[in-house]
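Colleague: Please work out how this folds:
(one chain, ligands or ions: 3)
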Amino acid sequence: MIANSGRNIGAGFTQMLAQAVEQTDDAVMITRADGIIEYVNPGFERITGYLATDVVGRNPGFLRSGMHPPTFYSEIWRTISRGEPFRSVFTNRRHNGELYFEEKTISPIHGNDGAISHFVATGKDVTERISAERRLEYMANYDALTGLPNRSLLHDRLSQAIQRAHRTGKSVAVQFVDLDRFKLINDTLGHNIGDRLLIEAATRLRHCLRATDTVARLGGDEFILIQEDVGHPDVVEQVAHKILDAFATRFPVGSHSLFVSVSIGLALYPEDAVGPDELLMRADLAMYRAKEAGRNSFRFFEPDMDANAMRTLTLEVAIRGALENHEFALVYQPIIDTRTHRPIAVEALLRWHSPDHGTVPPDHFIPLLEENGLIVPVARWALREALREVHAMQKAGQPELRLAFNLSSRQFRHVGLLQDITAALDEADFPPHLLELELTESALMDNPEASAAVLESLRARGIRVAVDDFGTGYSSLAYLLRFPVRTLKIDRSFVHGMEHSREAATIVRAIASLATSLGLEMVGEGVENLAQLALLQELGCYQIQGFLFSRPVPASELATRLPN
Ligand code: C2E
Ligand code: CA
Ligand code: CA
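Modeller: Ligands and ions are numbered 1, 2, ... in the order given. Sure, this is the predicted structure:
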């Protein structure tokens with residue numbers, strides 16, 4: 001059987017060869033030219049789980065796993081019938097049904113007449129190695145949490161899609177999908193709930209697309225959808241609507257029923273970008289615009305969005321020197337008690353007069369200050385300035401006038417906060433009970449435990465806290481009201497909405513009755529006309545702030561407006 005080309009093999013040597021085959025760790029199988037098994041070694045028995053007595057006389061087809069296409073086997077036959085060896089990694093099935101990977105070589109054995117008399121297959125079990133390789137490959141390309149393609153595979157797919165689009169003349173659309181306020185859910189309900197929500201979100205997104213399109217996870221709560229063969233932007237818009245709809249129903253996660261909306265930015269190749277990176281960047285920009293516009297919506301990329309991003313960049317540079325160059329100033333807007341017609345407080349609002357950019361609105365520059373950390377020194381200056389100016393107003397005949405001062409979330413989390421405030425109060429000789437710090441719901445809910453501790457120390461020092469823009473955040477009222485806060489400032493979107501929308505009116509009514517029952521004070525913000533004023537008063541809200549009474553003005557101007 002073990003024939004050769006002219007070499008003389010003695011009986012002792014033949015026996016040694018037989019022992020080698022018997023004792024090698026690898027699987028050895030010898031079949032006749034027609035494929036019927038004549039011999040398998042103990043290595044084969046060990047790896048496959050089949051005994052020699054079970055398999056001799058059979059065709060090796062029982063090892064097939066069904067994982068290779070039929071062409072794989074015809075290719076084997078073609079190769080070995082030509083007299084050449086065939087090498088490959090086989091996915092086979094053991095006797096117990098388990099799949100395993102076998103690195104196998106099948107070689108023809110030629111008889112003395114030169115014809116193929118047998119085949120010998122030698123194989124190694126490489127299951128561990130291949131599984132590890134596949135796991136690594138999977139990890140390199142897929143997101144472990146959701147099973148979606150990750151950033152790296154997304155990049156490959158997008159590049160391929162763009163190449164195909166180049167040939168077909170159709171467009172590729174990218175939808176940049178970002179969950180609204182996901183961080184809050186993660187921080188308040190824990191990562192476990194957050195993770196499960198992401199998995200559910202991934203499933204809903206996948207259902208919004210055709211099977212041939214790609215949904216990938218960029219990381220965090222950001223997902224990317226790639227649509228190919230787009231003939232008209234309408235198709236893309238339809239999918240965006242479908243996504244918004246898919247997120248309109250609550251997510252049951254554990255014992256929670258969560259509502260999360262999404263903001264979507266859309267960009268098209270070749271219309272908006274020359275390559276995959278630019279396409280993603282522009283969809284990202286459009287997504288930010290959707291967020292700014294109030295979330296739960298989508299935006300197509302437009303060229304002037306880039307211009308805005310450029311503007312932000314130059315602002316970022318300009319704002320670095322703004323504090324030293326004395327470009328910041330404060331204006332004040334009174335809060336009036338309509339029962340006494342007297343101002344009970346003034347809210348300090350920051351202004352930046354940039355020599356290059358003119359007067360920049362706080363909504364534009366405060367996020368920049370937050371990002372580069374300058375918010376801390378700027379706010380330190382602003383608080384001192386405001387305390388000084390309001391102290392002067394108190395001296396000039398408004399002894400109980402309160403200062404309402406805004407704190408951004410970064411300031412609120414700054415470790416030196418209490419020390420800074422105490423020092424500033426002492427220095428200005430300002431009564432702590434006349435300082436009210438305004439914090440948004442999201443600043444408070446960012447890290448509820450830490451917030452509770454800081455709020456408690458503020459309360460201990462007699463400093464008041466108001467919840468700003470109340471009603472716009474995600475937080476549950478019950479949760480929020482465990483914090484020691486004194487005042488709710490009803491967001492101006494409700495005040496404006498109340499006139500026309502029953503829902504807004506109902507919300508304000510609910511807030512008002514809650515505030516009353518909890519003994520909280522309430523301020524209606526952004527009151528511009530008498531109709532809004534009347535509605536608020538009807539609901540028991542008598543503290544009013546808005547253009548109806550006064551726009552924010554410099555201290556010098558305000559002094560002349562305050563009644564004595
Ligand atoms: P905010 O705390 O909600 O301040 C009230 C905003 O509403 C002010 O905008 C004010 O000018 C505007 N407003 C007042 N009455 C009316 C009205 O009747 N109608 C309308 N449409 N708007 C009215 P402003 O000054 O542009 O400030 C915007 C936001 O910037 C503030 O919102 C606040 O969140 C932030 N901000 C302002 N100054 C500071 C500051 O010193 N520190 C921090 N951290 N944030 C500040
Ligand atoms: Ca405020
Ligand atoms: Ca506000």
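Colleague: chain center to the helix or strand containing residue 21: distance?
Modeller: Taking DSSP states H and E as the definition, residue 21 sits inside helix 11-23. Computed by C-alpha atoms, centre = their mean, to the nearest Å, the chain-centroid distance of helix 11-23 equals 64 Å.
Colleague: which SSE is residue 505 in?
Modeller: Residue 505 belongs to helix 502-518 when assigned by DSSP H and E.
Colleague: residues of that helix that come out buried?
Modeller: In terms of neighbour count (16 or more other C-beta atoms under 10 Å), helix 502-518 has its buried residues at 504, 505, 507, 508, 511, 512, 515. C-beta: built from backbone N, CA, C; applies to glycine.
Colleague: and that helix, what other elements does it pack with?
Modeller: strand 487-490, helix 492-498, strand 521-524, helix 530-538 (3 or more C-beta pairs under 8 Å, 6 or more residues apart in numbering; DSSP states H and E).
Colleague: Off-centre distance for the last one?
Modeller: Relative to the mean C-alpha coordinate of its chain, helix 530-538 is positioned 41 Å out (C-alpha atoms, centre = their mean).
Colleague: could you check the angle helix 502-518 makes with that helix?
Modeller: 40 degrees (axes from the mean of the first three to the mean of the last three C-alpha atoms, to 10 degrees).
Colleague: Run through who's touching helix 530-538.
Modeller: With contact meaning C-beta atoms under 8 Å, 6 or more residues apart in numbering, helix 530-538 is reached by 338, 490, 495-496, 498-499, 505, 508, 524, 527, 542, 544, 546, 548.
Colleague: can I see the domain layout of this protein?
Modeller: Here the domain parsing of the chain from automatic domain parsing is 11-132, 142-302, 328-561.
Colleague: quick check, the longest one touching ligand 2?
Modeller: Yes: when contact is scored as C-beta under 5 Å from the ion, part of domain 328-561 falls within range of ligand 2: 406, 438, 468.
Colleague: Ranking by neighbours, what's the top pick from those residues?
Modeller: For these, the largest number of neighbours (other C-beta atoms under 10 Å) sits with residue 468, at 25 neighbours.
Colleague: any idea how far it lies from residue 69?
Modeller: From residue 468 over to residue 69 the distance is 64 Å, taken as C-beta to C-beta, to the nearest Å.
Colleague: ditto for residue 325
Modeller: Noted for residue 325: a distance of 72 Å to residue 69, by C-beta to C-beta.
Colleague: Comparing those two, which residue is more hemmed in?
Modeller: Taking other C-beta under 10 Å, residue 325 and residue 69 do not tie; residue 325 has more neighbours (12 against 9).
Colleague: The more buried one: which element?
Modeller: Per DSSP H and E, there is no helix or strand for residue 325.
Colleague: Could you tell me the model confidence score at it?
Modeller: Model confidence at residue 325, given as pLDDT, is 92.
Colleague: any idea which of the residues of domain 328-561 next to ligand 2 is closest to ligand 3?
Modeller: residue 468 (4.4 Å; C-beta to the ion).
Colleague: Next, that closest one: secondary structure please.
Modeller: strand (DSSP: H, G, I helix; E, B strand; the rest coil).
Colleague: What sits closest to it if chain neighbours are left out?
Modeller: residue 438 (4.1 Å; C-beta to C-beta, 6 or more residues apart in numbering).
Colleague: May I have the residues that are in contact with the one you found?
Modeller: So residue 438 contacts 347, 404, 405, 406, 407, 465, 466, 467, 468, 489 (C-beta under 8 Å, 6+ apart).
Colleague: mind listing what the first one touches?
Modeller: Spelled out, that is residue 347. Residues 332, 333, 334, 335, 404, 405, 406, 438, 545, 552 are the ones in contact with residue 347 under the rule C-beta under 8 Å, 6+ apart.
Colleague: Beta-bridge partners for it, please?
Modeller: residue 333, residue 404 (DSSP bridges).
Colleague: what's the spacing between it and residue 545?
Modeller: Applying C-beta to C-beta, the value for residue 347 to residue 545 is 7 Å.
Colleague: Can you check which residues contact both of these two?
Modeller: Between them, residue 347 and residue 545 share the contacting residues 333, 334, 335, judged by C-beta under 8 Å, 6+ apart.
Colleague: if I pick the last one, what's in contact with it?
Modeller: If a contact means C-beta under 8 Å, 6+ apart, then residue 335 has 343, 344, 345, 346, 347, 402, 404, 523, 543, 544, 545 as its contacts.
Colleague: How about residue 454?
Modeller: Contacts were defined as C-beta under 8 Å, 6+ apart; by that measure residue 454 touches 412, 417, 418.
Colleague: Let me see the mean pLDDT of the helix or strand harbouring it.
Modeller: Applying DSSP H and E as the criterion places residue 454 in helix 448-460. If you average the pLDDT over helix 448-460, you get 90.
Colleague: Kindly report the same for stretch 190-203.
Modeller: Per-residue scores along stretch 190-203 average to 92.
Colleague: Pull out the buried positions in that stretch.
Modeller: Using 16+ other C-beta under 10 Å as the test for burial, stretch 190-203 gives 193, 194, 196, 197, 198, 200, 201, 202.
Colleague: And stretch 252-271, by the same measure?
Modeller: Buried-residue list, stretch 252-271, by 16+ other C-beta under 10 Å: 253, 258, 260, 262, 263, 264, 265, 266, 267, 268, 269.
Colleague: what do you get for stretch 294-305?
Modeller: 296, 297, 298, 299, 300, 301, 305.
Colleague: again with stretch 442-457
Modeller: 442, 443, 444, 445, 446, 447, 448, 451, 454, 455.
Colleague: what residues are up against the most centrally placed residue in the chain?
Modeller: Nearest to the geometric centre of the chain sits residue 221, at 1.7 Å (C-alpha atoms, centre = their mean). Each residue near residue 221 by C-beta under 8 Å, 6+ apart is listed here: 178, 179, 182, 183, 198, 201.
Colleague: pLDDT value on it, please?
Modeller: Looking at residue 221, its pLDDT is 93.
Colleague: which residue ranges form the helices in the stretch 301-450 of the chain?
Modeller: Using DSSP state H, counting those that start in this stretch, the helices found in the stretch 301-450 of the chain span residues 303-319, 362-372, 375-395, 409-413, 417-428, 441-445, 448-460.
Colleague: one step back: tell me, which of the contacts of residue 335 make contact with ligand 3?
Modeller: Among the contacts of residue 335, no residue lies close to ligand 3 (C-beta under 5 Å from the ion).
Colleague: Nearest to ligand 2 among the residues you listed?
Modeller: Within the contacts of residue 335, the smallest distance to ligand 2 is 5.7 Å, found for residue 347 (C-beta to the ion).
Colleague: Could you check how far that closest one is from ligand 1?
Modeller: 6 Å (C-beta to the nearest ligand atom, to the nearest Å).
Colleague: Against residue 51, how distant is that residue?
Modeller: From residue 347 to residue 51 the distance is 87 Å (C-beta to C-beta).
Colleague: what's the answer for residue 89, then?
Modeller: The value you get for residue 89 to residue 51, if C-beta to C-beta is used, is 25 Å.
Colleague: residues in the chain within reach of ligand 3, list them.
Modeller: Residues of the chain lying close to ligand 3 by C-beta under 5 Å from the ion are 468, 469, 525.
Colleague: Just the buried positions in stretch 319-328, please.
Modeller: Quick answer for stretch 319-328 (16+ other C-beta under 10 Å): 319, 322, 323, 327, 328.
Colleague: I should have written stretch 163-179 there, sorry.
Modeller: So, applying 16+ other C-beta under 10 Å, buried residues of stretch 163-179: 165, 170, 171, 172, 173, 174, 175, 176, 177, 178, 179.
Colleague: Roughly how far does the second one sit from residue 453?
Modeller: Relative to residue 453, residue 170 is positioned 57 Å away (criterion: C-beta to C-beta).
Colleague: and what of the fifth one?
Modeller: Relative to residue 453, residue 173 is positioned 47 Å away (C-beta to C-beta).
Colleague: hmm, back to that, need the domains of the chain in a markdown table with distance to residue 311, can you?
Modeller: Output for the domains of the chain, formatted as a markdown table (distance: least, C-beta to C-beta, whole Å):
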| stretch | distance to residue 311 |
| --- | --- |
| domain 11-132 | 50 |
| domain 142-302 | 12 |
| domain 328-561 | 8 |
